[in-house]
Structures are given as C-alpha cells and as structure tokens.
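*Asks:* Structure for the following, please:
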Amino acid sequence: MDSTYESRREFDRYRGGYYNGMVTGYGTDTPNDWSEEEAQLFNDTLILHAKLAALTPPQGYPNAPYYFTPENLEWYYKRHKLDRLLDPRIPAIYRYNFPRELRVKILKFAEENGIKE
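*Replies:* Reported below is the predicted structural model:
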C-alpha cells in the first residue's frame with residue numbers, strides 16, 4: 001500500500017506522541033476543577049503517549065529504524081539538522097560505524113547468492 005501526502009502527515013502527527021510523551025509530566029495530579037470527561041481524556045492521552053513512546057526506539061545506534069517521511073526529511077535538510085553520520089537515507093551497512101568485517105561477509109554472501117542491492 002503506497003502512502004499519500006495526507007497519510008504521511010497523519011503519521012507525523014501521531015509520531016509526535018513519542019516526543020510529547022517524553023515531556024509530559026506523568027507525576028502531576030489531575031486538577032480538581034476539571035470535569036470527569038476532561039480528566040478521562042487527559043488520562044487516555046497520557047496512556048497513548050506512553051504507548052507510542054514505548055514503540056518508538058531511540059535513534060542512536062546503527063541499526064535503529066528511522067521513521068522519517070519525505071516531507072520530514074526535507075524539513076530537516078532545509079534547517080541543516082541532518083546528522084551526516086546517521087543519515088537515514090544511507091543503509092546501515094554503508095555507515096561509517098558498521099563493522100567492516102561484517103560488511104565484507106554480507107557483501108560476499110550477496111555476491112555468491114546473486115542478491116542485488
């Protein structure tokens with residue numbers, strides 16, 4: 001199933017739950033002046049953000065999945081925020097910190113079995 005501009009925007013909105021979950025104060029109480037519905041919505045939102053944060057891995061190690069949409073990459077590129085060493089457009093096997101011996105073994109295996117990149 002191909003993604004559309006709208007579906008990628010929706011993905012980016014929901015992916016924001018990871019960042020929101022990291023800054024939301026879970027240790028605070030629900031204010032007494034909130035209605036029952038407001039309090040329940042707030043609690044449900046906290047739970048949703050926590051679940052999204054649990055499903056989204058940190059992006060600090062070589063094989064970490066990157067969840068960037070083309071629009072998101074363009075936004076980072078225009079603001080000079082892309083890390084050239086962890087560029088998500090470069091496959092992990094070709095990054096500077098991928099083990100050289102493992103890269104040689106993988107490429108040899110691919111050549112022997114007719115696997116193209």
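
*Asks:* What count of nearby residues applies to the closest residue to residue 116 other than its chain neighbours?
*Replies:* In space, residue 116 comes closest to residue 110 once its chain neighbours are excluded; the distance is 7.6 Å by Cβ to Cβ, 6 or more residues apart in numbering. C-betas here are computed from N, CA, C, even on glycine. Counted by other Cβ atoms under 10 Å, the residues lying close to residue 110 total 13.

*Asks:* tell me what the helix or strand where residue 48 lies is packed against?
*Replies:* Following DSSP states H and E, one finds residue 48 within helix 36-55. The contact analysis (3 or more Cβ pairs under 8 Å, 6 or more residues apart in numbering; DSSP states H and E) places helix 36-55 against helix 5-23.

*Asks:* For the most far-flung residue of the chain relative to its centre, which three-state class applies?
*Replies:* Distance from the centre of the chain peaks at residue 33, with 36.2 Å (Cα atoms, centre = their mean). Three-state call for residue 33 (DSSP: H, G, I helix; E, B strand; the rest coil): coil.

*Asks:* Test for you: state the pLDDT assigned to it.
*Replies:* At residue 33, the model reports a pLDDT of 92.

*Asks:* Could you report the separation of it from residue 97?
*Replies:* Applying Cβ to Cβ, to the nearest Å, the value for residue 33 to residue 97 is 52 Å.

*Asks:* so what are the domain limits for this protein?
*Replies:* 1-56, 65-117 (automatic domain parsing).

*Asks:* what bits of the protein have low per-residue confidence?
*Replies:* For the chain, the stretches flagged by pLDDT under 70 are 1-2, 15-27, 52-67, 84-86, 117.

*Asks:* If we use 50, what do you get?
*Replies:* For the chain, the stretches with pLDDT under 50 are 60-62.

*Asks:* rewinding a little: in which helix or strand would I find the residue nearest to residue 116?
*Replies:* helix 100-112.

*Asks:* Just the C-alpha atoms of that helix, please, in CSV.
*Replies:* Extracted in CSV, the C-alpha atoms of helix 100-112 (Å, rounded to 0.1, in the frame of the first residue of the first chain):
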residue,chain,number,x,y,z
ARG,A,100,34.0,-3.7,8.4
GLU,A,101,34.4,-7.5,8.7
LEU,A,102,30.6,-7.9,8.8
ARG,A,103,30.1,-5.7,5.8
VAL,A,104,32.6,-7.8,3.8
LYS,A,105,30.8,-11.1,4.9
ILE,A,106,27.4,-9.7,3.9
LEU,A,107,28.6,-8.4,0.5
LYS,A,108,30.4,-11.7,-0.2
PHE,A,109,27.2,-13.7,0.7
ALA,A,110,25.1,-11.4,-1.5
GLU,A,111,27.5,-11.9,-4.4
GLU,A,112,27.6,-15.7,-4.0
